[in-house]
Structure formats: structure tokens, C-alpha cells
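A.B. asks: Sequence first, predicted coordinates after that:
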Amino acid sequence: MIEAQALTKRYGDKTAVDGITFTVQPGKVTGFLGPNGAGKSTTMRMIMGLDRPTQGSVTVNGRPYDKFASPLTEVGALLEAKAVHTGRSARNHLRALAATHGIPDKRVNEVIEMTGLQQVAKRRVGGFSLGMGQRLGIAVALLGDPRTLILDEPVNGLDPEGVLWVRNLVKYLAGEGRTIFLSSHLMSEMALTADHLIVIGKGRIITDGPVDEVIAQATTTTVLVRSPQAGRIAELVAGPGVTVSSPEPGVLQLHGVDAPSVGEAAAREGLVLHELTPVRGSLEDAYMSLTSDAVEYHSAALPDATTHDPEVTR
């Protein structure tokens, strides 16, 4: 379990993390989301004892990280995959870390096999691709068979097979009762992986709850209707709080009414329905809604493509 109480970090006059309180429970995958500059990495560094809080506290399994006599067997972390001696082989890097904790070579071999590094274990880390570096970083995190894993962007640089492997791995470890805390900017992957979400923006917690609840609270469900009598259906469902749009003939997008109500209204009037589908908002939709006021770095809008297309402007 990871517990933060009024956790705060200031750098001069800038507050990177502003009095946040949260708990990461064992037995589930907890996703940590937020825009660039929101305070995610700073929070993870404070959990690992790499940054000292200005105020507040954070513990792992009831103790500050720097109080563990054998930290690799308590907490495994991937914060910066490139933080390795580039002249060493992957195997020797893992063996050197294992030696500091009395971890046998057998475990080194196990994590090499587990992370798919068998073919490159004797190669120097300096020649690794981004994906292989990520796999080595995950191997380091797993080396001590820890009860808690903290992974910052673990699928960065991985191919689809590697992404699926990480997803299955963290779910399996959570199923064993371990504490899994991971960040990612890939909303589609987080939606498939996480059980619980903590969203941070400008150093403060925006929301903290199960994935389904976060999505439900931050998005609205659209009811998609296809019918040759779409106009009549729109008249039937019209009322306070109901909005109707028609992106194309015979198609309705309804907000403020549920699919069963639409289906029952159509049935009473003998109207034909070719499609009646409730479309729930995605995690990406929820994330964009929740963090709209917390984005520190905004991208410029792209110009209208038609203004640059010579075939259009001729």
C-alpha cells in the first residue's frame, strides 16, 4: 500500500505538488494520470525517496522508502529506464543490483526470461533500443520480487506484443495482492489495464476513483439511433434536458435520454429502428474533460488543410 498525506513539493516559488492525499490499495492496478507538468513524476520520485517533500509525508507498506533495509524486495520501480551503466551488459547490470541485496543469480535469469531479454542479455546496454531499455527497466523493478511496483510510462517504446505483455503482467501481479501504481499517457491502454484512477493537474488531485465511475462522472452517454422515421422519433423524445442532433439523414444522436426509453417510445408508435445503441464516453473523453483547466502546455491549433491544398485553392 502507498499512502500520501498532504504531500507537497516546492521548487523555489513553484509548487509542483500541492498538498495531495491519496491511497494506492493492494490487489488492483491504480493508474496515475495528468498532463505534462502536473506533478506525476515528482510524486513518484518522492515515493521513492529521490525528492524530499517540502511538507507532508508518503509511505510504502507503512514506512518511508529510505527506512527499508532491503528496498528492492519491498518496492520495484521504473522511473527512468536509461539510468544504467551503458558499458555493462544487461545481465551484469542485473547481477550488480542483485548483489547489493543478496539476490541469487537464479532470480536474475528468471527476470531476464520473464521480460524477453534472453537474446540480448550479453549485449551492452548502451546499444539497446528504447523498447529493450524499457524491458530492462521492468526487469530491474521485478528483480527483488517486491510487494509494490511503481512504473512510470512502462509501455513507452514497446511494440504491440510488449504492450500486451505489460498489461497482462501488471494485472497478474495485482491479482496476487500486490500494489501496482503506474502512469501512462496512452488513455486506450490505461482503460484496458487500470482498475482505479488518480488524476492530477497543476499539482492537485482532480479525481480519485474506480475507472468506470471516473468515466461516468466526467462524460455523458449518447444514444445513437438509425431509422427511416428519425424525424418522428426526435419529436417523441423531445423534452427538458434532452438534446438532439442529426449528423446525417436518418441518424440521431440523443443526449439526456436512455436507450430503453427511446426504444419503448418507438414501439408505442410502431416506428422502425435500424439501430439503437447507447455510446458511453471513453476514458480519453473523461480525461480531456477533467484536465481541460489543468493543461499547462497547450499546442497550437492546426491550420485548415483546405487552405494549403493546391487542388482546393485553384
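C.D. replies: Done, it's in.
A.B. asks: which intervals of the protein have sub-threshold pLDDT?
C.D. replies: Counting by pLDDT under 70, the chain shows low-confidence ranges at 81, 296-314.
A.B. asks: Domain ranges for the chain, per the record?
C.D. replies: Structural domains of the chain, as assigned by automatic domain parsing, span the residue ranges 2-217, 220-279.
A.B. asks: how about those in CSV, adding distance to residue 295?
C.D. replies: Using the backbone N, CA and C atoms, a C-beta is placed for each residue, glycine as well. As requested, those are arranged in CSV below (distance: least, CB to CB, whole Å):
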stretch, distance to residue 295
domain 2-217, 5
domain 220-279, 21
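A.B. asks: for these, which one ends up most surrounded?
C.D. replies: For these, average neighbour numbers computed from mean count of other CB atoms under 10 Å are highest in domain 2-217, which has a mean of 18.
A.B. asks: just how off-centre is that domain within its chain?
C.D. replies: Distance of domain 2-217 from the chain centroid (CA atoms, centre = their mean, to the nearest Å) equals 12 Å.
A.B. asks: and the end-to-end length of it?
C.D. replies: One end of domain 2-217 sits 25 Å from the other (CA to CA, to the nearest Å).
A.B. asks: Helices of the stretch 101-250 of the chain, start to end?
C.D. replies: Shown for the stretch 101-250 of the chain, the helices assigned by DSSP state H, counting those that start in this stretch span residues 105-114, 130-142, 160-175, 187-193, 211-218, 230-237.
A.B. asks: Looking at these, spot the one closest to residue 35.
C.D. replies: For those, distance to residue 35 was read as CB to CB. The smallest value, 12.2 Å, belongs to helix 187-193.
A.B. asks: looking at the domains of the chain, which is closest to residue 287?
C.D. replies: The minimum distance between residue 287 and the domains of the chain falls on domain 2-217, with 5.6 Å, by CB to CB.
A.B. asks: what's the closest of the domains of the chain to residue 294?
C.D. replies: Among the domains of the chain, if distance is taken as CB to CB, the winner is domain 2-217, at 2.5 Å.
A.B. asks: ok so, going back, okay if I get the helices of the stretch 101-250 of the chain as a markdown table plus distance to residue 45?
C.D. replies: Rendered in a markdown table, the data for those read as follows (distance: least, CB to CB, whole Å):
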| stretch | distance to residue 45 |
| --- | --- |
| helix 105-114 | 23 |
| helix 130-142 | 15 |
| helix 160-175 | 20 |
| helix 187-193 | 21 |
| helix 211-218 | 25 |
| helix 230-237 | 52 |
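A.B. asks: Looking at those helices, which is nearest to residue 60?
C.D. replies: For those, proximity to residue 60 was assessed by CB to CB; helix 130-142 is nearest, at 13.5 Å.
A.B. asks: Just the CA trace of that closest one, in CSV.
C.D. replies: C-alpha atoms of helix 130-142 as CSV (Å, rounded to 0.1, in the frame of the first residue of the first chain):
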residue,chain,number,x,y,z
LEU,A,130,14.1,2.2,-26.4
GLY,A,131,11.9,-0.9,-26.1
MET,A,132,14.8,-3.1,-24.9
GLY,A,133,15.7,-0.4,-22.4
GLN,A,134,12.2,-0.4,-21.1
ARG,A,135,12.2,-4.2,-20.7
LEU,A,136,15.5,-4.0,-18.8
GLY,A,137,14.0,-1.3,-16.5
ILE,A,138,11.0,-3.6,-15.8
ALA,A,139,13.4,-6.5,-15.1
VAL,A,140,15.1,-4.3,-12.5
ALA,A,141,11.8,-3.4,-11.0
LEU,A,142,10.9,-7.2,-10.7
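A.B. asks: elements contacting that helix?
C.D. replies: Counting contacts by 3 or more CB pairs under 8 Å, 6 or more residues apart in numbering; DSSP states H and E, the secondary-structure elements packed against helix 130-142 are strand 75-78, helix 90-100, helix 105-114, strand 148-152, helix 160-175.
A.B. asks: Would you mind getting the angle between that helix and strand 148-152?
C.D. replies: Angular relation of helix 130-142 and strand 148-152 on a 0 to 180 degree scale: 160 degrees, by axes from the mean of the first three to the mean of the last three CA atoms, to 10 degrees.
A.B. asks: re the thing from before, looking at the domains of the chain, which is nearest to residue 286?
C.D. replies: Using CB to CB and comparing the domains of the chain, the one that lies nearest residue 286 is domain 2-217, at 4.6 Å.
A.B. asks: Can you check which of the domains of the chain gets nearest to residue 290?
C.D. replies: Shortest separation from residue 290 across the domains of the chain is recorded for domain 2-217, at 5.2 Å, computed as CB to CB.
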